[in-house]
Every structure is written in structure tokens, then in C-alpha cells.
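*Asks:* Okay, predicted coordinates and the sequence, questions at the end:
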Amino acid sequence: MEFSEKLEFGHEDRKQIYEYVERHGTANADEVQGTLRIDPSGFRHHVAILRRDGYLTEDDGVLSVALETGAEEEYDTEDVAFVIRPARQEDLSGIVGAIRQVAEEGSYIVAESVADEIDHQDALLRHNELESRMFFVATVDDEVVGWVHLHAPELDKLSHTAELTVGVLEEYRGNGIGSHLLERGLEWAGSNGYEKVYQSAPSTNQNAIAFLEAHDWETEAVREDHYKMNGDYVDEVMMAVKL
């Protein structure tokens, strides 16, 4: 299932099953059936149809939302070997930890709010009638060392835009990981019909601004004194790239 695909279930029970799994990230099939109180035979039929139509996958009795996210990509530099791949629900704690470590530097406010949101919801990827949320991760020895995140509200007037955050742990910067993550995120956004990707950063985050400018992002606007950091007012730099 692609993020650009409109959700159509054809039956209320199927809609409830999908929404339960989507809301929880993954869910045990027996748990879903028992919670929703759907007749067991009817439940298995609806799961079969959801799998047939590309909405859900099932692995050893665990249901997950099926999303077309692409394959793993392996890279090897002089200093480190890393993998860029679609994120999975089990990456949630690693992503939250990576975002919060980067945010501790004090100048990635949007990403910090993303970490709080996914930690509170306990669901990583989202695709419902209100929003879509996608993550790709960079891993070293199967541990998350960087991320790119895209979020898009399901509103007609904004359906062509998505917000992006990207970051890499300080110890792994300088190896091209951030550039590969950004490229993967923008490639995914373009293939799913988004025309513009944007993000905002405090003007004090010169490294992030320079990084985006080096990848052809442009400053669309500056909101003066939008943030208050350590008692000082700081401008917000609003940047975007057209796909």
C-alpha cells in the first residue's frame, strides 16, 4: 500500500481492524479479534481481505500495516559501514533515543516534539484518514544512529506538502549518512506524490541550515523572535525544497 492511496475498506469491521493495528503499530491477531469482539471466522475473512488488498501483513500471528517503503541500502566508507532502510515498529525506542540525543544540543525543536509524539503514541508509522508518518533509519550493527522522518496531514489543500526532520548522532557525522537519509526521504516523498517538503529550524542552528542549503533547499521566510531559548529570543528559519 502506498501512502498516496486512499483508504477504502468496504466493510466496517475491516476498517476497525485496520485502525486498531495502525494505532498500535503492530498487534497480535488474537488480541485484535478479542478486543473488537468480531466473530473468529468473520475476523479471519476480513484479515484475509485486508492482506489481499495490501493493507495489512501478518507474520506468525502478528499484524502490521503494509506500506510500500523500498529496500535496504548498504554503504561502506573508510570509517564506518551503515545501512539505510525503512523503519520498523521495533526501531521506535532507538529512534526516540537518537532524536532526543540530537535534540539535547538545543537547536532541533521540531524533532524533539516528534520524539515526544511517537513515544507517547507508541506507534512509529502512521497512515490514516488524518495523517501519514514515515521514517527511514541509518543503522550501524543493527543500532539506529540516524533518522529521516516525514509527516503529512491528510488535508486536500496541504496534500502536496510534507514536513521533514533528519538527524545523525554526533559520533557518526561526516560519513555522508545525513545526505543519504535526506536523499532517501525526498525520493520517497516524490514517489508518493508530494511536491514540496519543508522544515523549520532556529537561526542558531547554522549547521542544519547550511546542510539543507547544500542540498538545494531555500529559505522561504524568517519569523523573528519566534523561539525563546535560554532566555534569548531566536528567529525561526522556514526552509523548503520543491520536488
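*Replies:* Everything's here; your move.

*Asks:* Quick one: mean pLDDT for whatever helix or strand residue 146 lives in?
*Replies:* For residue 146, the host element (DSSP states H and E) is strand 143-153. What strand 143-153 shows for mean pLDDT is 93.

*Asks:* 18 is where my numbering starts, stick with that
*Replies:* Yep, numbering from 18; the last one is strand 160-170 now.

*Asks:* Only C-alpha atoms, please: export that strand in PDB.
*Replies:* Written as PDB, here are the backbone C-alpha positions of strand 160-170 (Å, rounded to 0.1, in the frame of the first residue of the first chain):
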ATOM      1  CA  GLU A 160      21.600   0.000  16.000                       C
ATOM      2  CA  VAL A 161      19.900   3.200  15.000                       C
ATOM      3  CA  VAL A 162      22.400   6.100  14.500                       C
ATOM      4  CA  GLY A 163      20.300   8.400  12.400                       C
ATOM      5  CA  TRP A 164      16.800   9.000  11.000                       C
ATOM      6  CA  VAL A 165      14.700  10.900   8.500                       C
ATOM      7  CA  HIS A 166      11.100  11.500   9.200                       C
ATOM      8  CA  LEU A 167       8.300  12.800   7.100                       C
ATOM      9  CA  HIS A 168       4.900  13.800   8.300                       C
ATOM     10  CA  ALA A 169       1.900  14.900   6.200                       C
ATOM     11  CA  PRO A 170      -1.700  15.900   7.200                       C
END
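
*Asks:* can you pull out the strands in this structure?
*Replies:* For the chain, the strands defined by DSSP state E occupy 43-45, 73-76, 79-82, 90-93, 98-103, 143-144, 148-157, 160-170, 178-185, 213-219, 235-246, 249-259.

*Asks:* so residue 221 touches residue 246, yeah?
*Replies:* Yes. When contacts are counted by CB atoms under 8 Å, residue 221 is listed as touching residue 246 (7.1 Å). C-betas here are computed from N, CA, C, even on glycine.

*Asks:* who's residue 178 bridged to?
*Replies:* residue 213 (DSSP bridges).

*Asks:* so what's it scoring on pLDDT?
*Replies:* What the model reports as pLDDT for residue 178 is 91.

*Asks:* Neighbours of it, how many?
*Replies:* Around residue 178 there are 16 other residues, counting by other CB atoms under 10 Å.

*Asks:* so where's this protein uncertain?
*Replies:* 18-22, 123-124, 171-175 (pLDDT under 70).

*Asks:* Count the neighbours of residue 57 for me.
*Replies:* Neighbour count of residue 57, defined by other CB under 10 Å: 10.

*Asks:* excluding its backbone neighbours, what's nearest it?
*Replies:* Computed as CB to CB, 6 or more residues apart in numbering, the closest residue to residue 57 that is not its neighbour in sequence is residue 50, at 6.2 Å.
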